[in-house]
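**Q** What follows is a predicted structure for the sequence shown.
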Amino acid sequence: MSPDTSGTNANANAAAAAAAAAAASTASASGSASASSDAATFCATLVDEWISCGVRHAVVAPGSRSTPLALALAARSELSIHVFHDERSAAFAALGMGRAGSMPAILLCTSGTAAANFHPAVIEAHQDEVSIVVCTADRPPELRDVAAPQTIDQTKLYGNAVRWFHDPGVAGDDGGAPRSTWRQIASRAVSMTLAPWRGPVHLNLPFREPLVGTAGELPSRRGERASLVAAGVPDAAMLDTLAERLERQRGVIVAGASGVDGATVLALAECAGWPVLADPRSAARRDHPNVVVTFDDLLRHERFARDHVPEVVLRIGFPPASRLLAEWLAASGATQVQVHDSAAWIDPRHDVTVRVQADPDQICAGLVARLRGGSGTTWATRWRHAEANAQQAIDTLLTARAVMSEPAIARATVAALPAGARLMVSSSMPVRDVEWYARPRSGVEIHANRGANGIDGVTSTAVGLALVDPLRPTALLIGDIAFLHDTNALLALARRSVNLTIVVVDNDGGAIFSFLPQRNALTAERFEQLFGTPHGTDPGAVAAAHGLHVERIGSIDELRRAIVSASAEPGVTVLHVRTDRDDNIAAHADLHRAVAAALDHR
């Protein structure tokens, strides 16, 4: 049994590595030593981050499979280690520690029924809102479902009694959590035991033999990993603290889908002198000097991206679709503050520094009086000029191109809709083309199913939007695959009293895959078979078979006129627009080059 210990460790990496090294002589010297080192480093990182969060107690029920984490916990003198032979007693002891203090205890056991014995205390912690970080060791994937000893299904073992369940996979495996996420996993576990609803969190940690290894260098901590949580109206102290962290000239607001009034975001942008990189679904995507919507193309320009790295980022709501933007923000090293009014954990790149659960409008309004960047800063002006030059380059190129392109279709669709209209945008390329190429405008409410980013049910979703307010013009911009995927939405649609215009972009297949490495890595025949997937189906004929009015569109001017006409009258109109996948690739490449040239000659 390990004694209780406490104290201060000045060198976390050295202490963790030294403790693991003392036991490493018992490990196999084969190639599996790398796996044991990965596990030791992973566990040492979790423990180091827990300590930095303020955790000071760990309860350990003895076992073999939990060895990597047990050794990492015991190596740190900042922690008091409490060993209980019985898992049920161990769990209730950890529950008592959670009741007595402000921070959770770490609770650890081996795999199998040991984990099941934690369940009564986990339920009590759930019911009575007590914080515990429950860590159950597990067998690696290859030992599951093959009658391996001491192996049960531990996935979501405690059901809805935990605030968060996570299985990061085997450290070092291709399917395991990357090193860059290890600290975030640890800090998130602590954060979610505390707020907004105190209770247990369950980490299921699979380990592969050998179980004793030497920890290597731990991943660095990219700034603080604290979570500010405001219930109801944010108080002055919280706003002061937040403003202190954001008080930098080189700031960026990333405005995604949320219930925010765009006016409050724009008022903050003017006050702070920051650009607003606005997702189409954001109410802040308006014709405003601080709004930048060509950010994807701007960030493709190496010098611009390098010269405009922000120091702070305020993220409102869900992230935009642009992968390039996400990668640029993650690499920036900036302090990133995520504000959302729900408990959803929005951090796909694991780079959020401060997480705020509060009304974003109240946060923005509170920060207006506290941030003093000023609207005339060089920083904001440079972004403003880049946006104007990019928009001019896009207009010039799309006007000059003889072939009707998908970016032009997206740009024209948003521009042609009447004020007050709703637009549903399908996943895959339509949502990206609207995000990258549609000019910002007021009066059009844009929706997209970006929770799971799927193409299923898109037309049905648009029908639902239209049915809520049948007299309000509603439009749908959708690709052919997504349209054909949801043809059941067309059943009896002609009989519904709605004002719905459906723009079907038909390139006879999956155009988005043409932008992925598969296109150049495979033969043309194999690519078409598995990814291009031409279907040879006429979406217009399908719509007509359901009794819907169909128009074949041959130019951007025709498209604009058809949208204006269809939006003015009740009923369902399908606008069938044919495009070419190869030309679509060329159109996007031409636009990237045009924006780059505009930036080079600004």
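**A** Received the coordinates, thanks.
**Q** Sort out which residues of the lengthiest helix in the chain are buried, please.
**A** In the chain, taking DSSP state H as the definition, the longest helix is helix 378-400. For helix 378-400, a neighbour-count test (16 or more other CB atoms under 10 Å) marks 379-380, 383-384, 386-387, 389-391, 393-394, 397-398 as buried. The way it works is simple: take the backbone N, C-alpha and C, and place the C-beta from them, glycine included.
**Q** Packing partners of that helix?
**A** strand 291-292, helix 295-300, helix 406-416, helix 581-600 (3 or more CB pairs under 8 Å, 6 or more residues apart in numbering; DSSP states H and E).
**Q** Over to the most centrally placed residue in the chain. Which of the three states is it?
**A** Nearest to the mean C-alpha position of the chain, by CA atoms, centre = their mean, lies Pro348 at 3.3 Å. Recorded secondary structure, Pro348: coil (DSSP: H, G, I helix; E, B strand; the rest coil).
**Q** Isn't it up against Leu325?
**A** No - using CB atoms under 8 Å, Pro348 is not in contact with Leu325; the gap is 11.7 Å.
**Q** joint contacts of those two?
**A** Residues touching both Pro348 and Leu325 by CB atoms under 8 Å, 6 or more residues apart in numbering: Pro319.
**Q** Pairing partners for Val550 in the sheet, please.
**A** Taking DSSP bridges as the rule, Val550 bridges to Val574.
**Q** if I look at it, how far off is Ala562?
**A** Between Val550 and Ala562 the distance is 11 Å, computed by CB to CB, to the nearest Å.
**Q** got any residues that touch both of those two?
**A** 573, 575.
**Q** Contacts only, for Ala90.
**A** Taking CB under 8 Å, 6+ apart, we find Ala90 in contact with 59-61, 82, 84, 107, 109, 118.
**Q** Try it again at 7 Å.
**A** By CB atoms under 7 Å, 6 or more residues apart in numbering, the residues touching Ala90 are 59, 61, 84, 107, 109.
**Q** Same check on Ala419?
**A** With contact set as CB under 7 Å, 6+ apart, Ala419 has these partners: Gly443.
**Q** Just say helix, strand or coil for it.
**A** coil.
**Q** Excluding chain neighbours, what is closest to the residue nearest to the centre of the chain?
**A** Pro319 (6.6 Å; CB to CB, 6 or more residues apart in numbering).
**Q** I'd assumed Glu528 was in contact with Pro534.
**A** Yes - using CB atoms under 7 Å, Pro534 is in contact with Glu528, at 6.5 Å.
**Q** More neighbours: the two, which one.
**A** Between Pro534 and Glu528, counted using other CB atoms under 10 Å, the more crowded position is Glu528 (17 against 13).
**Q** From Phe513, how far out is the more buried one?
**A** Distance from Glu528 to Phe513, by CB to CB: 10 Å.
**Q** cool, and Asp600?
**A** Applying CB to CB, the value for Asp600 to Phe513 is 31 Å.
**Q** Repeat that for Arg144.
**A** 33 Å.
**Q** List the contacts of Leu423.
**A** So Leu423 contacts 414, 417, 444, 446-447, 475, 477 (CB under 7 Å, 6+ apart).
**Q** On the three-state scheme, it is what?
**A** Under three-state DSSP, Leu423 falls in the strand class.
**Q** Give me the pLDDT for it.
**A** Looking at Leu423, its pLDDT is 96.
**Q** With the one 10 residues further on instead?
**A** Looking at Asp433, its pLDDT stands at 97.
**Q** That one is in what secondary structure piece?
**A** Asp433 is located in helix 429-437, with elements delineated by DSSP states H and E.
**Q** Quick one: list the elements packing against that helix.
**A** helix 406-416, strand 474-479 (3 or more CB pairs under 7 Å, 6 or more residues apart in numbering; DSSP states H and E).
**Q** Wait, a helix at Cys271?
**A** Yes - assignment of Cys271 by three-state DSSP places it within a helix.
**Q** and it, how many neighbours?
**A** Around Cys271 there are 18 residues (other CB under 10 Å).
**Q** quick one, what contacts Ile484?
**A** To be clear, residue 484 is Leu; Ile isn't right here. Neighbouring residues of Leu484 by CB under 7 Å, 6+ apart: 535, 537, 539, 542.
**Q** cool, and Val425?
**A** Contact analysis of Val425 by CB under 7 Å, 6+ apart lists 280, 431, 434, 446, 448, 477.
**Q** rewinding a little: quick one, which of the helices and strands packed on helix 378-400 is nearest to Asp240?
**A** Of all these, strand 291-292 sits nearest to Asp240, with 27.8 Å by CB to CB.
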